[in-house]
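Novice: From the sequence below, what's the structure:
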Amino acid sequence: MTAALATRPAWSTFGRYRHSLWLLTKRDLRVRYSTSALGYFWSILDPLVMATIYWFVFTQVFDREVGEKPYIVFLLSALLPWMWFTGSVSDCTRAFLREAKLIRSTKIPRTIWVNRLVLSKGIEFVASIPVIAVFAIATGATLHWEAFWVLLAIAMQTVLLIGIGLIVAPLVVFFRDLERAVKLLLRFLFYASPIIYSLEDLPAGLHFWAAFNPLAGIFSLYRSAFFPAQLDWYAIGVSAVICLALLAVGLFVFARVERAVLKEI
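Specialist: The predicted structure follows:
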């Protein structure tokens with residue numbers, strides 16, 4: 001009886017948190033698309049343009065074999081989750097600065113201001129998945145049972161983004177130059193991640209180190225839906241460990257600096 005009563009406040013708090021998270025996420029999506037008649041189109045235009053450019057360069061300009069065919073599907077299967085990653089991390093650098101007054105005036109857990117960004121960008125990513133389906137049908141790409149691993153990829157990327165967000169969002173409040181540093185790091189990470197190429201395209205000596213980029217294992221899971229040979233369980237295992245480690249670090253950092261952040265903003 002006592003145990004049951006003790007669990008009620010915890011479930012009640014979780015329910016309120018979940019409700020608030022969903023309301024803030026819907027607000028983000030509504031603000032982002034309410035002023036644009038082509039909101040969904042603009043959300044997928046960037047990765048489509050990037051994919052088209054790289055497809056043209058590597059298949060039409062340079063006769064160089066990278067990745068797998070159809071190359072446009074190969075590109076999109078990593079570019080779309082990359083857009084989720086870079087969009088979430090970029091927005092997290094302004095998570096507390098943009099909503100300072102609202103954050104100070106509410107008592108909901110402050111982690112929600114990071115989680116709602118990850119969730120809203122994740123919803124955009126899920127909404128962009130039909131784009132891959134269109135190109136897969138147009139190019140004759142085969143969907144394999146390994147598509148099941150996409151769920152694991154989404155879970156791992158969510159954990160990774162929350163961990164990074166909980167580190168970046170509060171630290172930017174104290175170190176404003178960190179926002180620019182993150183932008184430069186994301187630009188470097190784009191080429192350091194297996195997006196326009198696969199891990200197999202790297203020299204043998206680099207494969208071991210490339211796996212320590214947590215996106216490497218995550219992207220191999222996404223690509224396995226159409227390219228089962230892309231599954232790299234060594235990279236996936238390393239990615240899983242790093243994702244969990246970053247989440248733990250993020251929770252620790254956030255707990256240590258939360259009060260100082262509220263005073264600073």
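
Novice: CA only for contacts and neighbour counts going forward, please
Specialist: Will do.

Novice: So for the one helix or strand residue 49 maps to, mean pLDDT?
Specialist: For residue 49, the host element (DSSP states H and E) is helix 39-56. Averaging pLDDT along helix 39-56 yields 75.

Novice: C-terminal to that helix, what's the next element?
Specialist: helix 71-92.

Novice: and residue 251, how many residues sit next to it?
Specialist: 17 (other C-alpha atoms under 10 Å).

Novice: so how far is residue 51 from it?
Specialist: 35 Å (C-alpha to C-alpha, to the nearest Å).

Novice: Same check on residue 166?
Specialist: With distances taken as C-alpha to C-alpha, residue 166 is found 30 Å from residue 51.

Novice: Pick out whichever of the two has more residues nearby.
Specialist: More crowded of residue 166 and residue 51, by other C-alpha under 10 Å: residue 166, with 30 against 24.

Novice: Sketch out the low-pLDDT regions of the chain for me.
Specialist: Low-confidence segments of the chain (pLDDT under 70): 1-14, 34-40, 43, 60-64.

Novice: what about the helices in it?
Specialist: Using DSSP state H, the helices assigned to the chain run over residues 2-34, 39-56, 71-92, 95-98, 100-105, 112-139, 149-174, 177-192, 204-210, 214-223, 233-264.

Novice: quick one on the thing from earlier: mind checking how far the helix holding residue 49 is from the chain centre?
Specialist: 17 Å (C-alpha atoms, centre = their mean, to the nearest Å).

Novice: Same question for stretch 77-97.
Specialist: Distance of stretch 77-97 from its chain centroid, counting by C-alpha atoms, centre = their mean, is 6 Å.

Novice: picking that back up, compile the helices of the chain into JSON lines and extend it with columns for distance to residue 65.
Specialist: Putting the helices of the chain into JSON lines (distance: least, C-alpha to C-alpha, whole Å) gives the following:
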{"stretch": "helix 2-34", "distance to residue 65": "39"}
{"stretch": "helix 39-56", "distance to residue 65": "11"}
{"stretch": "helix 71-92", "distance to residue 65": "9"}
{"stretch": "helix 95-98", "distance to residue 65": "41"}
{"stretch": "helix 100-105", "distance to residue 65": "49"}
{"stretch": "helix 112-139", "distance to residue 65": "17"}
{"stretch": "helix 149-174", "distance to residue 65": "25"}
{"stretch": "helix 177-192", "distance to residue 65": "17"}
{"stretch": "helix 204-210", "distance to residue 65": "17"}
{"stretch": "helix 214-223", "distance to residue 65": "17"}
{"stretch": "helix 233-264", "distance to residue 65": "22"}
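
Novice: which residue sits closest to the residue nearest in space to the middle of the chain, ignoring its sequence neighbours?
Specialist: For the chain, the residue nearest the mean C-alpha position is residue 85 (2.9 Å; C-alpha atoms, centre = their mean). The shortest distance from residue 85 to any non-neighbouring residue, by C-alpha to C-alpha, 6 or more residues apart in numbering, is to residue 161 (6.9 Å).

Novice: What about the one you found, how many residues nearby?
Specialist: For residue 161, the count of nearby residues is 26 (other C-alpha under 10 Å).

Novice: Equivalent analysis for the one 4 residues further on, please.
Specialist: The number of residues packed near residue 165 is 30, by other C-alpha under 10 Å.

Novice: Run through the residues that contact residue 233.
Specialist: Residue 233 makes contact with residue 217 under the criterion C-alpha atoms under 8 Å, 6 or more residues apart in numbering.

Novice: ok, 10 Å please
Specialist: With contacts defined as C-alpha atoms under 10 Å, 6 or more residues apart in numbering, residue 233 is in contact with 211, 217, 220-221, 239.

Novice: Make a ChimeraX selection of the buried ones in the residues you listed.
Specialist: Selection command for ChimeraX covering only the buried members of the contacts of residue 233, criterion 16 or more other C-alpha atoms under 10 Å:
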select :211,217,220,221,239
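
Novice: how close does the nearest residue to residue 264 once chain neighbours are set aside get to residue 244?
Specialist: Closest residue to residue 264 apart from its sequence neighbours, by C-alpha to C-alpha, 6+ apart: residue 173 at 7.1 Å. Per C-alpha to C-alpha, residue 173 is found 24 Å from residue 244.
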